[in-house]
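*Asks:* generate coordinates for the sequence data below:
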Amino acid sequence: MKNIESSRRVLVCQNRTCRKQSAAKVLTAFQKLSGAEVEVVASSCLGQCGNGPMVLVLPEEVWYSGVAESEVAAITEQHLRGGKPIERMLYRKFHRVSK
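*Replies:* Purely as a prediction, here's the structure:
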């Protein structure tokens, strides 16, 4: 088990609805691409069924909805390493998006 030196975590919902929407592939992609500075966690239901796969980045509390496996690299590079959330992918229920 890796020693996580940061409090930054990525939760990827693995509950029934998100799993039907390929959340397992999203989780695997995050695990492959994220370095030791980020803990990737298979989460139980995040309470946003039907909008998944849901991804929650902590401690910033940044929510992404409908995340596809192909989008994980962009989230990893731009948000986790670059510090800039991807606005077009944010979950609009919790984030205001400028037009």
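*Asks:* can you tell me the closest non-neighbouring residue to the residue nearest the centre of the chain?
*Replies:* In the chain, the residue lying closest to the centroid (Cα atoms, centre = their mean) is residue 55, at 3.0 Å. Once flanking residues are discounted, residue 55 sits nearest to residue 64: 4.3 Å by Cβ to Cβ, 6 or more residues apart in numbering. Where you see a C-beta, it was placed from the backbone N, CA and C, and this is true even at glycine.
*Asks:* next: residue 48.
*Replies:* With Cβ to Cβ, 6+ apart, the residue lying closest to residue 48 is residue 54, at 5.1 Å.
*Asks:* next, give phi and psi for residue 58.
*Replies:* Torsion angles at residue 58 (phi, psi; degrees, to the nearest 10) stand at phi -110, psi 150.
*Asks:* kindly report the same for the one 5 residues further on.
*Replies:* Its backbone dihedrals place residue 63 at phi -100, psi 130, with angles given as degrees, to the nearest 10.
*Asks:* how many neighbours does it have?
*Replies:* 21 (other Cβ atoms under 10 Å).
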